[in-house]
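Student: predicted model and sequence below, questions to follow.
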Amino acid sequence: MRGKRHGKKVVVVDGMGGGIGVQLTGKLRDASGDDVEIIALGTNAVAVERMVKAGAHRGASGENAIIQSVVLGDIIVGPIGIIIGNSMMGEITRAVAEAILAAPGERILLPLQNEHLTLAGLDGLPLAKMIERAVELTVERLQTA
């Protein structure tokens with residue numbers, strides 16, 4: 001696959017071990033086809049390594065890597081915490097959240113709630129269903145763009 005040019009790019013952003021990013025990456029890889037490049041961005045190397053093992057074509061970790069690379073994505077996928085400064089136990093800095101919000105790609109975010117964030121009006125879907133829906137939306141957007 002080296003040297004192959006990919007059409008669309010999907011950026012998956014995660015941290016704290018990358019568990020959600022791993023699931024998103026694997027399912028996106030299976031559903032999106034060979035013409036989509038998946039770029040794994042994480043707040044730490046462990047998260048990125050796990051996403052690359054799950055099928056991302058390449059990845060990078062750390063604040064500057066995320067800020068510089070998030071602009072590559074036609075679509076940016078991850079938990080809602082990636083757009084909230086100081087979330088994910090402080091792993092998402094304000095600069096990272098701002099860069100993700102300012103990036104030109106469409107954001108598809110999983111509405112995960114935590115002790116400091118309550119999203120009113122959302123039915124508590126299981127994580128697996130949220131991931132399925134995020135993958136479906138991403139593939140739909142890639143096909144219509």
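Tutor: Nice, thanks for sending it over.

Student: contacts made by the longest helix anywhere in the chain with the rest, please.
Tutor: The residue-count maximum for a helix in the chain (DSSP state H) belongs to helix 127-144. Helix 127-144 has contacts (C-beta atoms under 8 Å, 6 or more residues apart in numbering) with 8, 10, 20, 23-24, 27-28, 31-32, 36, 74-75, 77, 106, 108-112, 125. The C-beta positions use only the backbone N, C-alpha and C, and glycine is treated the same way.

Student: could you tell me which of these belong to helices?
Tutor: 20, 23, 24, 27, 28, 31, 32.

Student: now those: which count as buried?
Tutor: 20, 23, 24, 27, 28, 32 (16 or more other C-beta atoms under 10 Å).

Student: how much space separates the last one from residue 98?
Tutor: To tie it back to what came earlier, the one meant is residue 32. Separation of residue 32 from residue 98 (C-beta to C-beta, to the nearest Å): 28 Å.

Student: mind listing what's buried in stretch 32-44?
Tutor: 32, 36, 37, 38, 39, 40, 41, 42, 43.

Student: pull out the buried residues from the longest helix of the chain.
Tutor: Buried, per 16+ other C-beta under 10 Å, within helix 127-144: 130, 131, 134, 135, 138, 139, 141, 142.

Student: out of the buried residues of stretch 32-44, which are inside strands?
Tutor: Applying DSSP state E to these, the entries found in strands are 36, 37, 38, 39, 40, 41, 42.

Student: could I get those as TSV with pLDDT and distance to residue 67?
Tutor: As requested, these are arranged in TSV below (pLDDT from 0 to 100; distance: C-beta to C-beta, whole Å):
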residue	pLDDT	distance to residue 67
36	95	23
37	97	19
38	98	19
39	98	14
40	98	15
41	98	10
42	95	13
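
Student: which of those residues lies closest to residue 94?
Tutor: residue 41 (16.5 Å; C-beta to C-beta).

Student: thought the closest one was touching residue 66?
Tutor: Yes - with contact defined as C-beta atoms under 8 Å, residue 41 reaches residue 66; the gap is 4.8 Å.

Student: what residues are shared contacts of the two?
Tutor: With C-beta under 8 Å, 6+ apart as the test, residue 41 and residue 66 both reach 13, 60.
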